[in-house]
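Trainee: sequence-free structure coming up:
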């Protein structure tokens, strides 16, 4: 899909460059494509989550609408679309309406720099990972807006928790991205993936295997941090339904509410994809030479499939964790970050520098 | 509300330059984890609770007053409704009190059947406590597991009396019907199954590090405090006081049965914390299984219901009888005046007494702890308000 997006950009870019109307048209088309990608992803992930939860919880999960309940999400989307558009009287209506859009924009923005194969990227920019980190952090603004605009005390508490959590977990996340930048000497995620090609069985050069002492703990810290960044259990405090009713989403319903959810699933996928690109070899597949995966169109298609599969595997782990563990308390969440993850991330960063100096890349 | 404004935010002593505004939050009566329609008014300084005050009465249904209007034997279905998770035990408590008042002898077989159904209902109730406690702390899966196993008990009860929640099975003078065919075998199968899944629960929630972090050392009630606040049941035993009415004032055939009284030992944190209260309930499931098995082994034959006069009249005396419900001591105080209905009826519910300490426990806790503490007290609002 994103291969298509990359091609679409390529298709329209020369034409669009001509005039500002062209650019607007291009922006609309690109936005529409990105939106449908996130929508599609959320569709698949919601289905996987509900079926997975059913399996874990000794029940069946949705199985009535369509084969294996595949159309359940469609039915739910229709239901959400047909719901009444509610804005609480006491809410700040402008911010209330704007907040889901801001949150959604952050997920959409992330996709622009996310490569699925060498050419399968909407904007192949040298600052890719930097943009993704910035866009991810951007969603907290939307959440705080939502919490404040709702004029509900539970919402405010949820928004404050989100802000505290995001700011805390950006630090280990940023440090680990930095260690990858040091290792690969590039901020471009596509370049990072390409540099992991080769080695034993085309696996040997993956970051986690090339630098096992620091990259494996680094990957674990990274994974915990992205769980926190995407508000997944055990870090789902901002919306912790048993404590804060529904946190910052308490007053939201219908399509606006579903935007928050789409963002959550979009962010889950994006952060998992970044983890795959940095630590788990990107689109590289064992036994398949890296040149083939970056070469022909068919190879790139396979590469996109591999990326998708690896990211989905990480998302499934997230789902598994969500349906197994209880939730941490707010002070424990920040303590875990500042006391353990951040120092560990520092060690990983320093260690990676030394490892690169000692053994080269 | 007097005195409520004078509380200072906990943990802000010594901080003079930074002053944040406290916020009043209504937790409930519509809140996912107040286990019904409990309303707690919280005065929160950010995430820290400076003061809390519970308000009850949202589902008051005048159960006791109804007991003074209806004939004695017609009140049993109303007892089902106060603690709807342990209706058998409620029936039992009321019927025992009436039998003591009217001097009715219950056949031995009925006594054993009463113990079996009461203990099965105790397991079912503790399973709900386990499941919803997980839910309160954000773990959804234990809830599904607990309800899967509770379903087994409910279908046994359904075969026994046709109802799944409000049984009205124990009646004055015995039980309504004899055990149906295959009930004993089904119960034995359930006991075997429950022992197996109990170990699953242990790994899934009880020993989970996050669960321990959330419950160990939280909401500590010392043994002295527990006694002073009128705690009974698992909450009292969680504080280390081995007081169980089945042993302290035995009724039915409990004095012939062999079972332990689990108490909180502070294994995970401090004695009397949320984890201790929770774990006492888990251990009681095992003890109840033991009791049910013993009763099935020695179940005597004979009648299941004594002959009770159709026009049962309450003699002119008063009686109090407490039984050990899953949540603590359920006592019925009945005064008779020679008429068909009781002259005065008073119910001592365990949830209400256990809830009274809430305001004190929540002071200085965090909002997330409030949920953990309320859950560990395991209240049923139907019985708090009656």
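Mentor: Cool, got the structure. Just so it is clear, the structure is predicted and the values come from calculations on it, not from any experiment.
Trainee: ok, now which ones touch the closest residue to residue B:77 other than its chain neighbours?
Mentor: The shortest distance from residue B:77 to any non-neighbouring residue, by CB to CB, 6 or more residues apart in numbering or on different chains, is to residue B:168 (4.8 Å). Heads up, the C-betas are built off the backbone N, CA and C, glycines and all. Each residue near residue B:168 by CB atoms under 8 Å, 6 or more residues apart in numbering or on different chains is listed here: B:76, B:77, B:80, B:87, B:91, B:161, B:176.
Trainee: can we see that at 7 Å?
Mentor: Neighbouring residues of residue B:168 by CB atoms under 7 Å, 6 or more residues apart in numbering or on different chains: B:76, B:77, B:80, B:91.
Trainee: and which of those is nearest to chain A?
Mentor: When the contacts of residue B:168 are compared for distance to chain A (CB to the nearest CB), residue B:80 wins out at 27.8 Å.
Trainee: next one: phi and psi at the residue nearest to residue B:77?
Mentor: Here the main-chain torsion angles of residue B:168 (degrees, to the nearest 10) amount to phi 50, psi 40.
Trainee: do the same with the one 3 residues further on
Mentor: Summarising the backbone geometry of residue B:171 under the convention degrees, to the nearest 10, its torsions are phi -130, psi 170.
Trainee: That one: neighbour count?
Mentor: When neighbours are counted by other CB atoms under 10 Å in any protein chain shown, residue B:171 registers 20.
Trainee: Next: residue B:314.
Mentor: Look at residue B:314: counted by other CB under 10 Å, it has 23 neighbours.
Trainee: Repeat that for residue A:167.
Mentor: If you count neighbours by other CB under 10 Å, residue A:167 ends up with 13.
Trainee: CSV please, covering the contacts of residue B:168 and showing distance to residue A:194.
Mentor: Output for the contacts of residue B:168, formatted as CSV (distance: CB to CB, whole Å):
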residue, distance to residue A:194
B:76, 77
B:77, 74
B:80, 70
B:91, 73
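Trainee: Determine which two of these are furthest apart.
Mentor: Farthest apart among the contacts of residue B:168 by CB to CB are B:77 and B:91. That separation is 8.7 Å.
Trainee: For these two, work out which one has more neighbours and name it.
Mentor: Applying other CB under 10 Å to residue B:77 and residue B:91 shows that residue B:91 carries more neighbours, namely 27 against 15.
Trainee: what's that one in contact with, if anything?
Mentor: By CB under 7 Å, 6+ apart, the contact set of residue B:91 is B:76, B:79, B:80, B:167, B:168, B:169, B:170.
Trainee: which of those tops the neighbour count?
Mentor: Busiest of those [other CB under 10 Å] is residue B:170, holding 30 neighbours.
Trainee: Output the set of residues of the stretch 251-361 of chain A in proximity to chain B.
Mentor: The stretch 251-361 of chain A comes close to chain B at residues A:323, A:324, A:325, A:326, A:327, A:328, A:329, A:330, A:331, A:332, as judged by CB under 7 Å from any CB of the partner chain.
Trainee: Between the residues you listed, identify the one with the most neighbours.
Mentor: Among these, the one with the most neighbours (other CB under 10 Å) is residue A:326, at 28 neighbours.
Trainee: where does the chain dip in pLDDT?
Mentor: With no chain named, the answer covers chain A. Under the criterion pLDDT under 70, the flagged ranges of chain A are A:1-19, A:361.
Trainee: my bad, chain B
Mentor: B:1-19.
Trainee: Show me where chain B has its strands.
Mentor: Taking DSSP state E to define them, one finds strands in chain B at B:23-27, B:39-45, B:48-55, B:170-171, B:174-175, B:318-325, B:328-335, B:344-348.
Trainee: can you put the ones you listed in a markdown table and add distance to residue B:357?
Mentor: A markdown table is the format used below for the strands of chain B (distance: least, CB to CB, whole Å):
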| stretch | distance to residue B:357 |
| --- | --- |
| strand B:23-27 | 16 |
| strand B:39-45 | 13 |
| strand B:48-55 | 10 |
| strand B:170-171 | 31 |
| strand B:174-175 | 36 |
| strand B:318-325 | 18 |
| strand B:328-335 | 13 |
| strand B:344-348 | 16 |
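Trainee: Just name the most buried of those strands.
Mentor: strand B:174-175 (a mean of 26; mean count of other CB atoms under 10 Å in any protein chain shown).
Trainee: in chain A, which helix has the most residues?
Mentor: Secondary structure assigned by DSSP state H gives helix A:20-56 as the longest helix of chain A.
Trainee: phi, psi of the nearest residue to residue A:229 once chain neighbours are set aside?
Mentor: Nearest residue to residue A:229 in three dimensions, chain neighbours excluded: residue A:169, at 5.4 Å (CB to CB, 6+ apart). Residue A:169 has phi and psi values of phi -80, psi -10 when expressed as degrees, to the nearest 10.
Trainee: tally of neighbours for residue A:169?
Mentor: Using other CB under 10 Å as the criterion, residue A:169 is surrounded by 26 other residues.
Trainee: Kindly report the same for residue B:304.
Mentor: Residue B:304 has 22 neighbours, counted by other CB under 10 Å.
Trainee: how much space is there between the residue nearest to residue B:53 when sequence neighbours are not counted and residue B:55?
Mentor: Spatial nearest neighbour of residue B:53, excluding adjacent residues (CB to CB, 6+ apart): residue B:41 at 4.9 Å. For residue B:41, the distance to residue B:55 (CB to CB, to the nearest Å) stands at 7 Å.
Trainee: Excluding sequence neighbours, find me the nearest residue to the residue of chain A found nearest chain B.
Mentor: Closest to chain B within chain A is residue A:327: 2.8 Å, counting by CB to the nearest CB. Spatial nearest neighbour of residue A:327, chain neighbours left out: residue B:138 (2.8 Å); criterion: CB to CB, 6+ apart.
Trainee: ok, now residue A:318?
Mentor: residue A:232 (5.3 Å).
Trainee: My read is that residue A:37 contacts residue A:110, right?
Mentor: No. Taking contacts as CB atoms under 7 Å, residue A:37 lies outside contact range of residue A:110: 11.0 Å.
Trainee: of those two, who's got more company?
Mentor: residue A:110 (27 against 21).
Trainee: May I have the residues that are in contact with the residue nearest to residue A:229?
Mentor: By CB under 7 Å, 6+ apart, residue A:169 lies in contact with A:225, A:228, A:229, A:337.
Trainee: can you give me the end-to-end distance of stretch B:243-259?
Mentor: One end of stretch B:243-259 sits 13 Å from the other (CA to CA, to the nearest Å).
Trainee: And for stretch B:213-233?
Mentor: 24 Å.
Trainee: List the contacts of that stretch.
Mentor: So stretch B:213-233 is contacted by A:326, A:328-329, A:332, B:137, B:235-236, B:239-241, B:268-270, B:272-275, B:278, B:325, B:327-329, B:350, B:353-354, B:356-357, B:361, B:369, B:372-373, B:376 (CB under 7 Å, 6+ apart).
Trainee: And the helices in the stretch 251-361 of chain A?
Mentor: Secondary structure of the stretch 251-361 of chain A by DSSP state H, counting those that start in this stretch: the helices cover A:254-279, A:290-294, A:297-322, A:330-335, A:342-359.
Trainee: Out of those, which is the most enclosed?
Mentor: Of all these, helix A:254-279 carries the top mean neighbour count, a mean of 23, counting by mean count of other CB under 10 Å.
Trainee: Next, the angle helix A:20-56 makes with it.
Mentor: Counting by axes from the mean of the first three to the mean of the last three CA atoms, to 10 degrees, helix A:254-279 lies at 90 degrees to helix A:20-56.
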